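Q: Turn this into a model:
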Amino acid sequence: MLLRLILATAMLAVPVAAGASSPDAWADFRTEVRAKCLAQAQSQGMRAPEVIVHPFGSESYGIAVLREGDDKRICIFDKRTKAVELT
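A: The predicted structure follows:
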């Protein structure tokens with residue numbers, strides 16, 4: 001009985017896999033974050049920045065770093081609304 005209680009407690013402590021998303025879904029997510037962040041950066045004067053997208057972001061946000069020469073910016077992509085903001 002004690003072993004079952006310990007196992008049940010341990011199972012509750014293990015986080016569920018990140019949304020159980022497929023590799024294709026994560027690739028689509030990164031593509032969308034990159035495109036939205038790039039468009040926003042270009043609308044703010046960056047010409048062709050390098051865009052480095054975090055593979056998964058946080059629970060609520062996609063995150064990317066954009067850099068072009070000395071200009072470096074952080075892009076935050078709201079997973080729910082799909083809105084982006086740059087620093």
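Q: Just give me how far stretch 25-32 sits from the chain centre.
A: Between the centre of stretch 25-32 and the centre of its chain there are 9 Å (C-alpha atoms, centre = their mean, to the nearest Å).
Q: what does stretch 35-53 give?
A: The answer for stretch 35-53 is 16 Å, by C-alpha atoms, centre = their mean.
Q: buried sites along the longest helix belonging to the chain?
A: Ranked by number of residues, the top helix in the chain under DSSP state H is helix 23-43. Using 16 or more other C-beta atoms under 10 Å as the test for burial, helix 23-43 gives F29, R30, E32, V33, R34, K36, C37, L38, Q40, A41. Heads up, the C-betas are built off the backbone N, CA and C, glycines and all.
Q: Give me the pLDDT value at V84.
A: What the model reports as pLDDT for V84 is 98.
Q: tally of neighbours for it?
A: 21 (other C-beta atoms under 10 Å).
Q: Need the phi and psi values for it.
A: phi -120, psi 150 (degrees, to the nearest 10).
Q: ok, it to I63 distance?
A: V84 sits at a distance of 11 Å from I63 (criterion: C-beta to C-beta, to the nearest Å).
Q: list the residues that contact both of the two?
A: Common neighbours of V84 and I63, using C-beta atoms under 8 Å, 6 or more residues apart in numbering, are C75, I76, F77.
Q: Adding pLDDT and neighbour count, write these out as JSON lines.
A: Below are the shared contacts of V84 and I63 laid out as JSON lines (pLDDT from 0 to 100; neighbours: other C-beta atoms under 10 Å):
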{"residue": "C75", "pLDDT": "98", "neighbour count": "25"}
{"residue": "I76", "pLDDT": "98", "neighbour count": "18"}
{"residue": "F77", "pLDDT": "98", "neighbour count": "25"}
